[in-house]
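Visitor: Okay, predicted coordinates and the sequence, questions at the end:
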Number of protein chains: 4
Amino acid sequence: MESLSNYLIKGIDKEKKLTLKHQKILIAAIELISEKGYDKVATSEIAQRAGVAEGTIFRYYKTKKDLLNAIIVPSYIKFVAPMCINDFMEEVLEKDYHSFRALICHIVDDRIEFAKREELTIKILIQEFISQKDTREEIKEIFIDNAYPRVNKIIYRLKEKGEIIDIYTGEVIRIIISNIFGYFIQRFIICPELNYDDKHDKEVIANTIIKALAKEK
Amino acid sequence: MESLSNYLIKGIDKEKKLTLKHQKILIAAIELISEKGYDKVATSEIAQRAGVAEGTIFRYYKTKKDLLNAIIVPSYIKFVAPMCINDFMEEVLEKDYHSFRALICHIVDDRIEFAKREELTIKILIQEFISQKDTREEIKEIFIDNAYPRVNKIIYRLKEKGEIIDIYTGEVIRIIISNIFGYFIQRFIICPELNYDDKHDKEVIANTIIKALAKEK
Amino acid sequence: MESLSNYLIKGIDKEKKLTLKHQKILIAAIELISEKGYDKVATSEIAQRAGVAEGTIFRYYKTKKDLLNAIIVPSYIKFVAPMCINDFMEEVLEKDYHSFRALICHIVDDRIEFAKREELTIKILIQEFISQKDTREEIKEIFIDNAYPRVNKIIYRLKEKGEIIDIYTGEVIRIIISNIFGYFIQRFIICPELNYDDKHDKEVIANTIIKALAKEK
Amino acid sequence: MESLSNYLIKGIDKEKKLTLKHQKILIAAIELISEKGYDKVATSEIAQRAGVAEGTIFRYYKTKKDLLNAIIVPSYIKFVAPMCINDFMEEVLEKDYHSFRALICHIVDDRIEFAKREELTIKILIQEFISQKDTREEIKEIFIDNAYPRVNKIIYRLKEKGEIIDIYTGEVIRIIISNIFGYFIQRFIICPELNYDDKHDKEVIANTIIKALAKEK
DNA sequence: TATGAATGAGTCTTCATTCAT
DNA sequence: GATGAATGAAGACTCATTCAT
């Protein structure tokens, strides 16, 4: 099985030009896995929905697990990527009095929009992250190597500027992630049958995080 | 398979006096499932760790799924039960200015202590709830039937008294649950290798929830 | 496993005084096996319906197969017995012109009455005879050893007297049995939901056999 | 499991070109089931005799029961089919004085020849029909839907023409079937070790049926 | 004598993976 | 590249039988 790290390096630009069959396989896999979960989907089922022979899947992915990674990892990376881009954060942080609010509002808005676009893969990402130990370990590793140092620096800066309260970085991250992913889980997994008012929801989530973290002045 | 609702009614006190083998099976199952996840554990493996013939498992549980339920459901019920007890909440709510803070502090403290005691089953509960659709549906149903009406009433009262902000009940619940379970997931699933300072953590979580929900006065 | 022959010898008078539990086991077994077939009934099921512990069954019958034999064999023996009793047949045969008709009518009437009384065991007998090779072999052996010589003699006598046509004994037997058991199979196995007019049915069956076998004069 | 009715419609011509392994599986299954009965044969045993992996069986038949149906149903249909063909019967019935005799002789001859060709499947058919309730129900249903109306009409016609005695259709059918299948049971199941003189046997069976049913003139 | 918990071999079935075409 | 038949290990579950109490 190829490791997630490999995907991180060479994975993304792979998507340039997939063959039609390859695309169909990916789409079928994403649909089915998001419906039933990785372990509950047979490769034969994916092949059937993709209109492809079962063997063909194994031309593109040496193992079933690789196929899962091909779905999860890019999605994960795209999800975390913004936090790895220097300029964006820096810029936000240099701004005026409202910068922390602006930062959180931006993150919440951006990530919810992203999750709406990639609903199925986000759903898979969450489910596999929670239930598959190895997937979790690999994603965790990617996070620690790539996103964490940067995020840590940003949070450190915010604390210095007196924008946020003085709790551990891990806690700040947990509070942000819990509230955003708590929403995803409610919306995409527990109650997908309800209607959601994006604008209202974003506001509530952003406010929750801001009130929890912002330093009272 | 017996329905979860049956467990709700008659399940808990069942644990009076299990035979030794029965206990061993439960313990082995809890350990293994919490380590690897329900689908990844074979009944033969459970039997082996329990020092019991495979067939013996099926004397106690008609199906493997029943065994899972015997683990998950009591745990879930005990987790949710406090919210179903009238007196407790009522009492807290009648208190003075600090009542909402007291309520949240109590819930957070109580549930974290509970989760520490039942770490393995809580872990299983979370993982299966997220990854198994049917488990989720059943638990959801129990919640809607039993806890929701009561919780709704309490939240309504808090809103009336001007203690908490005016957002939907679902959102209040999500914020509370996200932050508590977000902590559990971090502590028990993602980073179980770290040390945790209970007192500090409870404070941070309680504060997060309170700041997010309390009405500014 | 005890052989059928043993039952033949010592089996019947066994029924003198069965304990209550023993009786209940037999009754439960007969009901269940006639409903579902020997292989489809679990000993645990029999024990349950009999209100007896599973182990108790094995006090009375060393194996499950022995239990089946205890049901089948007496039923078979009672079914075949009349043909082994000298006096009855002799007597009939000595009678006047209508003797062959009388014989067949008597057999048909007698065996149908018997089958009605013992419907469940007859049903079991037929089913197991057809589907279980070893049961069949044992019953066949009993027939060849006990009933056949006698029956053969009777048929021979009837041929001599010009009452019946000159075909092989085996064929005579087959024609009689086919038509009687064909009726049982229809009545008890294929269409048990219909109502049956005993008098009419006996007539039809007897006539069928008589017309087929009687020598035209 | 595909319903028997589906087999009725599309099943027969399926046999065009089975793969070699498929054929081997069918042959092994037919042999083993006819020897020991469906319930007594393990799929692993079939696989072994067929020289095939056990899993291969399940590529061709979703369940073991489906495999049984694949054997029984075509055999049953071919057995009953002649009675569903208009022209044949019509033609026979239009004939002269000997038409009823001709009809029965034809049926007896034809069906015995068929049974000789398909001895093993006929054996399976009989055994499973008698012992498996669900198989019986399905075959019964097919008979009632397809063959019965046609057979009923023919019998009605024969009665009108004064060819046969006035008894219920069900009885006519039973007499015919009992005598033909009684022969099969004797020949293929009870005493397969004997030699049979086809010509003689056919005559005896046909005569039995004719004498039983024909109206004396 | 009666129990019923325990056994473990045996059953059907699934499915990721391989490979000859 | 693409196929899909074939594999066989592994899975959940059943049940006649035993045996300590």
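Guide: Cool, the structure landed.

Visitor: Per-residue pLDDT of A:Lys95, please?
Guide: Reading off the confidence values, A:Lys95 has pLDDT 62.

Visitor: Also the one 5 residues further on?
Guide: Looking at A:Phe100, its pLDDT is 85.

Visitor: got the buried residues for the helix or strand harbouring it?
Guide: Per DSSP states H and E, A:Phe100 falls inside helix A:99-117. Within helix A:99-117, the residues scored as buried using 16 or more other CB atoms under 10 Å in any protein chain shown are A:99-101, A:103-105, A:107-109, A:111-112, A:114-115. Where you see a C-beta, it was placed from the backbone N, CA and C, and this is true even at glycine.

Visitor: Convert that helix to PDB, retaining C-alpha atoms only.
Guide: These are the backbone C-alpha positions of helix A:99-117, laid out as PDB (Å, rounded to 0.1, in the frame of the first residue of the first chain):
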ATOM      1  CA  SER A  99      -8.700  40.600  12.400                       C
ATOM      2  CA  PHE A 100      -9.400  37.600  14.600                       C
ATOM      3  CA  ARG A 101     -13.100  37.800  13.900                       C
ATOM      4  CA  ALA A 102     -12.300  38.200  10.200                       C
ATOM      5  CA  LEU A 103      -9.900  35.200  10.300                       C
ATOM      6  CA  ILE A 104     -12.500  32.900  11.900                       C
ATOM      7  CA  CYS A 105     -15.300  34.100   9.700                       C
ATOM      8  CA  HIS A 106     -13.200  33.500   6.700                       C
ATOM      9  CA  ILE A 107     -12.100  30.100   7.800                       C
ATOM     10  CA  VAL A 108     -15.700  29.100   8.700                       C
ATOM     11  CA  ASP A 109     -17.100  30.400   5.500                       C
ATOM     12  CA  ASP A 110     -14.400  29.000   3.300                       C
ATOM     13  CA  ARG A 111     -14.400  25.600   4.900                       C
ATOM     14  CA  ILE A 112     -18.200  25.200   4.800                       C
ATOM     15  CA  GLU A 113     -18.300  26.200   1.200                       C
ATOM     16  CA  PHE A 114     -15.600  23.700   0.500                       C
ATOM     17  CA  ALA A 115     -17.400  21.000   2.400                       C
ATOM     18  CA  LYS A 116     -20.600  21.700   0.500                       C
ATOM     19  CA  ARG A 117     -18.700  21.300  -2.800                       C
END
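
Visitor: So which elements touch it?
Guide: Applying 3 or more CB pairs under 8 Å, 6 or more residues apart in numbering or on different chains; DSSP states H and E, we find helix A:99-117 packed against helix A:64-80, helix A:86-94, helix A:169-184, helix A:198-213.

Visitor: Show residues contacting that helix.
Guide: Helix A:99-117 has contacts (CB atoms under 8 Å, 6 or more residues apart in numbering or on different chains) with A:78-79, A:82, A:89, A:92-93, A:95, A:122, A:158, A:163-164, A:176, A:180, A:183-184, A:188, A:198, A:201-202, A:205-206, A:209-210, A:213-214.

Visitor: Which members of those are classed as buried?
Guide: Buried by 16+ other CB under 10 Å: A:79, A:89, A:92-93, A:122, A:158, A:163-164, A:176, A:180, A:183-184, A:188, A:201-202, A:205-206, A:209-210, A:213-214, out of the contacts of helix A:99-117.

Visitor: if we can go back for a sec, what about contact with DNA strand E: does the following helix or strand past the helix holding A:Phe100 have any residue there?
Guide: Counting by DSSP H and E, the element after helix A:99-117 in chain order, helix or strand, is helix A:119-131. No: figure legend: helix A:119-131 not in contact with DNA strand E (CB under 7 Å from any atom of the strand); closest approach 14.1 Å.

Visitor: Check which residues of helix A:119-131 are buried.
Guide: Neighbour counts over helix A:119-131 (16+ other CB under 10 Å) mark A:119-131 as buried.

Visitor: Summarise which helices and strands that helix is packed against.
Guide: For helix A:119-131, the packing partners by 3+ CB pairs under 8 Å, 6+ apart come out as helix A:20-36, helix A:64-80, helix A:133-142, helix A:169-184, helix B:119-131.

Visitor: Would you convert those into JSON lines that also reports mean pLDDT and distance to C:Glu141?
Guide: Converted to JSON lines, those look like this (pLDDT from 0 to 100; distance: least, CB to CB, whole Å):
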{"stretch": "helix A:20-36", "mean pLDDT": "94", "distance to C:Glu141": "57"}
{"stretch": "helix A:64-80", "mean pLDDT": "89", "distance to C:Glu141": "58"}
{"stretch": "helix A:133-142", "mean pLDDT": "88", "distance to C:Glu141": "63"}
{"stretch": "helix A:169-184", "mean pLDDT": "96", "distance to C:Glu141": "74"}
{"stretch": "helix B:119-131", "mean pLDDT": "93", "distance to C:Glu141": "59"}
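
Visitor: Adding distance to DNA strand F as columns, could you present those helices in a markdown table?
Guide: Below are the helices and strands packed on helix A:119-131 laid out as a markdown table (distance: least, CB to the nearest atom of the strand, whole Å):
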| stretch | distance to DNA strand F |
| --- | --- |
| helix A:20-36 | 5 |
| helix A:64-80 | 12 |
| helix A:133-142 | 16 |
| helix A:169-184 | 30 |
| helix B:119-131 | 14 |
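
Visitor: want to throw those into a markdown table with distance to B:Ile46?
Guide: A markdown table is the format used below for these (distance: least, CB to CB, whole Å):
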| stretch | distance to B:Ile46 |
| --- | --- |
| helix A:20-36 | 24 |
| helix A:64-80 | 24 |
| helix A:133-142 | 18 |
| helix A:169-184 | 31 |
| helix B:119-131 | 13 |
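
Visitor: Please name whichever of the ones you listed is nearest to B:Ala29.
Guide: Checking the helices and strands packed on helix A:119-131 against B:Ala29 by CB to CB gives helix B:119-131 as the closest, at 9.1 Å.

Visitor: In this structure A:Phe188 contacts A:Thr121, no?
Guide: No: in this structure, A:Phe188 is not within contact of A:Thr121 by CB atoms under 8 Å, at 10.6 Å.

Visitor: and the closest residue to chain D within chain A, what pLDDT?
Guide: Residue nearest to chain D within chain A: A:Ser44 (10.3 Å; CB to the nearest CB). We note a pLDDT of 95 for A:Ser44 in this prediction.

Visitor: What distance do you get for the nearest residue to it once chain neighbours are set aside to A:Ala28?
Guide: The shortest distance from A:Ser44 to any residue other than its chain neighbours is 5.3 Å, reached at A:Glu54 (CB to CB, 6 or more residues apart in numbering or on different chains). Distance, A:Glu54 to A:Ala28, by CB to CB, to the nearest Å: 12 Å.
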